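A.B. asks: next input, structure requested:
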Amino acid sequence: MRFIQSYFQKRTNNIIASQDYELAEQFMNADLEFVDEDKDENGEPDGLLIGKKFLQLEGIFLYLTDRTLAHPIVPFAHEDRGGKFANIVKEFGLGNRKIIWKPSDLFDVNAYVDANWFPASLEMHRREYNEMLDAKGLYMERRISFLEYFFKRLDIYHICEMPTFLKYYEGVDLEKYKNKIRKITADFPHLNEKGNLI
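C.D. replies: Model prediction:
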């Protein structure tokens with residue numbers, strides 16, 4: 001019986017990983033019109049406003065891919081995916097929703113930054129907890145990209161054996177997973193600490 005449960009858990013986890021790839025592909029098609037539209041009083045790109053909107057879009061991805069469910073909730077809209085198999089997909093309980101990758105006025109950047117981003121059990125691993133605090137700080141300062149933060153989180157949660165992380169990544173090859181996410185998101189623009197897109 002335990003073997004069967006393990007088999008189905010691994011199978012489910014690989015389906016979830018595939019959904020992460022799909023999320024990453026959708027993320028790459030995010031509405032970035034705000035980069036050209038958001039100007040300050042001098043007609044220059046408004047780095048603070050643009051940065052806030054990037055933070056929200058990246059936060060949606062970080063929230064939806066956190067198996068520990070500790071990452072703060074980031075507001076986002078979604079819509080019915082549709083398609084000829086829509087009802088079948090819903091009947092199997094897989095959902096048929098598509099994220100709308102567009103910034104929202106509901107996003108409170110200060111509350112997001114001040115929130116706790118990590119599961120409480122991580123605090124038992126003092127060194128790794130501090131590493132994640134440092135990674136969050138570097139990310140907030142835009143000195144590292146969201147992807148660098150994402151990979152650091154994967155590595156730390158794996159090392160510290162966060163229970164829900166292990167449960168939902170059992171049977172998933174983490175190196176292949178990271179490489180695929182990296183490949184999909186390679187061209188996503190990164191806003192550096194000076195507010196420049198690179």
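A.B. asks: just the pLDDT for the residue nearest to Phe34 when sequence neighbours are not counted.
C.D. replies: Ranked by Cβ to Cβ, 6 or more residues apart in numbering and with sequence neighbours excluded, the top spatial neighbour of Phe34 is Lys53, at 5.1 Å. The C-beta positions use only the backbone N, C-alpha and C, and glycine is treated the same way. Predicted confidence (pLDDT) for Lys53: 93.
A.B. asks: can you count the residues close to Lys53?
C.D. replies: The local packing of Lys53 (other Cβ atoms under 10 Å) involves 23 other residues.
A.B. asks: helix or strand for it, which one?
C.D. replies: Element membership of Lys53, judged by DSSP states H and E, is helix 47-64.
A.B. asks: please state the offset of whichever strand or helix holds Phe165 from the chain centre?
C.D. replies: Assessed by DSSP H and E, Phe165 sits inside helix 163-169. Offset of helix 163-169 from its chain centre (Cα atoms, centre = their mean, to the nearest Å): 16 Å.
A.B. asks: next SSE downstream of that helix?
C.D. replies: By DSSP H and E, the next helix or strand past helix 163-169 is helix 174-185.
A.B. asks: and that following helix, what's buried?
C.D. replies: 177, 180-181, 184-185 (16 or more other Cβ atoms under 10 Å).
A.B. asks: possible to save these as TSV with pLDDT and distance to Glu41?
C.D. replies: Output for the buried residues of helix 174-185, formatted as TSV (pLDDT from 0 to 100; distance: Cβ to Cβ, whole Å):
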residue	pLDDT	distance to Glu41
Tyr177	95	45
Lys180	96	43
Ile181	96	39
Ile184	96	37
Thr185	93	33
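A.B. asks: tell me which of those residues is nearest to Pro45?
C.D. replies: Thr185 (22.5 Å; Cβ to Cβ).
A.B. asks: where does this structure have its least confident helix or strand?
C.D. replies: One helix or strand of the chain scores below all others by mean pLDDT, DSSP states H and E: helix 86-91, with a mean of 44.
A.B. asks: what packs against the next helix or strand after that one?
C.D. replies: Later in the chain than helix 86-91, the nearest helix or strand by DSSP H and E is strand 97-100. Counting contacts by 3 or more Cβ pairs under 8 Å, 6 or more residues apart in numbering; DSSP states H and E, strand 97-100 packs against helix 2-27, strand 77-80.
A.B. asks: now the very next helix or strand once past strand 97-100: how far from the chain's centre is it?
C.D. replies: Helices and strands here follow DSSP H and E; after strand 97-100, the next one along the chain is helix 109-114. Mean C-alpha position of helix 109-114 versus that of the full chain (Cα atoms, centre = their mean) differs by 16 Å.
A.B. asks: residues of helix 109-114 that come out buried?
C.D. replies: Tyr112.
A.B. asks: same question, stretch 187-198
C.D. replies: 188, 191.
A.B. asks: before we move on, back to that, closest to Phe27 among the buried residues of helix 174-185?
C.D. replies: Distance to Phe27 across the buried residues of helix 174-185 (Cβ to Cβ) is lowest for Thr185, with 6.8 Å.
A.B. asks: ok, the closest one - contacts?
C.D. replies: Contacts for Thr185 (Cβ atoms under 8 Å, 6 or more residues apart in numbering) come out as 24, 27-28, 147.
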